[in-house]
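>>> turn this into a structure:
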Amino acid sequence: VRGNKTKLFINEGYEKLAQFIIKEKRLPAANKNDESQLYAFFYKQRKLFEEGNLESLEETKFIEIAKIIQNHKYENKRN
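Numbers count the residues shown, from 1 in each chain. Below is the predicted model of the structure:
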């Protein structure tokens with residue numbers, strides 16, 4: 001079980017990631033300084049999700065992010 005600080009960090013990470021995707025209509029890039037931390041967070045969470053190693057709340061948040069990504073992909077195709 002993770003500590004409260006870690007959970008807070010993870011919640012904040014998902015919040016920032018969601019805001020970034022909605023605003024920029026794309027995922028963060030690994031090679032851009034101001035986006036690399038967010039990219040690393042997403043990559044790590046995706047890997048944990050694929051391995052089935054996320055706690056249920058984190059899994060729910062990851063699925064929400066995936067839905068945002070899908071929605072914005074379709075939105076971009078229409079524009």
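
>>> so residue 22 sits against residue 67, correct?
No - contact criterion CB atoms under 8 Å: residue 22 and residue 67 do not qualify, at 11.5 Å. In this view, the C-beta of every residue, glycine as well, is placed from N, C-alpha and C.

>>> quick one: the strands in the chain, in order.
Counting by DSSP state E, one finds no strands in the chain.

>>> so, low pLDDT: which residues of it?
For the chain, the stretches with pLDDT under 70 are 1-2, 74-79.

>>> longest helix in it, please.
helix 56-78 (DSSP state H).

>>> in that one, what counts as buried?
Neighbour-count burial for helix 56-78, counted by 16 or more other CB atoms under 10 Å, picks out 58, 61, 62, 65, 68, 69, 72.

>>> those into JSON lines, with extra columns for distance to residue 41?
Shown next, in JSON lines, are these (distance: CB to CB, whole Å):
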{"residue": "58", "distance to residue 41": "12"}
{"residue": "61", "distance to residue 41": "11"}
{"residue": "62", "distance to residue 41": "11"}
{"residue": "65", "distance to residue 41": "10"}
{"residue": "68", "distance to residue 41": "15"}
{"residue": "69", "distance to residue 41": "14"}
{"residue": "72", "distance to residue 41": "18"}
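
>>> between those residues, which is closest to residue 16?
Taking CB to CB as the measure, residue 16 sits nearest to residue 65 out of the buried residues of helix 56-78, at 10.8 Å.

>>> isn't the closest one up against residue 20?
No - Residue 65 lies out of contact with residue 20 (CB under 8 Å); the separation is 10.1 Å.
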